[in-house]
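1. sequence first, predicted model second:
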Amino acid sequence: MKNSKVAKTVIIVVILAAIVLAYYFYLGHRTKRQEVEETVVATVVQSLLMRDLEHNYPPTPKEVVKYYAEITECFYNETYSDEELTQLANKIQMLYDAELVANKTQEQYMQDLRDDIADMKGRQLTVASYEVSASTDVEYFEQGEYSCARLYCTFYLRQAGNSSRVASLERFLLRKDEDGHWKILGWELVED
């Protein structure tokens, strides 16, 4: 009889110890889960800069122009440091054909970019949205030894205090480089 009481007591103590340990385990993991949920969300600038173009280059002309438009929208709409502006400029230049990049020194490019951004902000203009041509509207053609593509992107600009938008249609010319990546060779504003 005494042995069965001791055995029952030992079993009860073991069960209570297991319950206490399980509760502490639950509390410890619940706190970690809450910390994971409280992860800081990346800003638009940070998410654009995190894109790895070396291993995940946009596969089509449309995707290249779309990423270009996202960065352009960021230039005129977001707040960023001077270092982030330089990083964004480097990122957008990765989308450019080597011939286009060679047209200006890095210092000239950065100064022109800063001037353009200051001009847009001075006129209180932002890029409200953009629209890239449908994939079926991309015109593919051969130019000498190069594969080329032509497509359009409409940027909708909005001035502060004005709800109406102004459309700015741009025609992009891209060509494939030696790695098979579509690179922006140039663009022009399409007049009505």
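-> Cool, got the structure. These figures come from a predicted structure and were not determined experimentally.
2. contacting residues for residue 137?
-> Residue 137 makes contacts with 151, 152, as judged by Cβ atoms under 8 Å, 6 or more residues apart in numbering. Using the backbone N, CA and C atoms, a C-beta is placed for each residue, glycine as well.
3. again, but for residue 94
-> Residues near residue 94 by Cβ under 8 Å, 6+ apart: residue 53.
4. alpha carbons only: can I get the longest strand seen in the chain in PDB?
-> Longest among the strand segments of the chain by residue count, using DSSP state E, is strand 146-159. Provided in PDB are the C-alpha atoms of strand 146-159 (Å, rounded to 0.1, in the frame of the first residue of the first chain):
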ATOM      1  CA  TYR A 146      21.400  42.900 -82.300                       C
ATOM      2  CA  SER A 147      18.000  41.700 -81.200                       C
ATOM      3  CA  CYS A 148      16.000  44.800 -80.200                       C
ATOM      4  CA  ALA A 149      12.700  45.700 -78.700                       C
ATOM      5  CA  ARG A 150      10.500  48.800 -78.700                       C
ATOM      6  CA  LEU A 151       7.800  49.500 -76.200                       C
ATOM      7  CA  TYR A 152       6.000  52.300 -74.400                       C
ATOM      8  CA  CYS A 153       5.600  53.400 -70.800                       C
ATOM      9  CA  THR A 154       3.100  56.100 -69.700                       C
ATOM     10  CA  PHE A 155       4.000  58.000 -66.600                       C
ATOM     11  CA  TYR A 156       1.100  59.800 -64.900                       C
ATOM     12  CA  LEU A 157       2.300  63.000 -63.200                       C
ATOM     13  CA  ARG A 158       0.400  64.800 -60.400                       C
ATOM     14  CA  GLN A 159       1.100  68.200 -59.100                       C
END
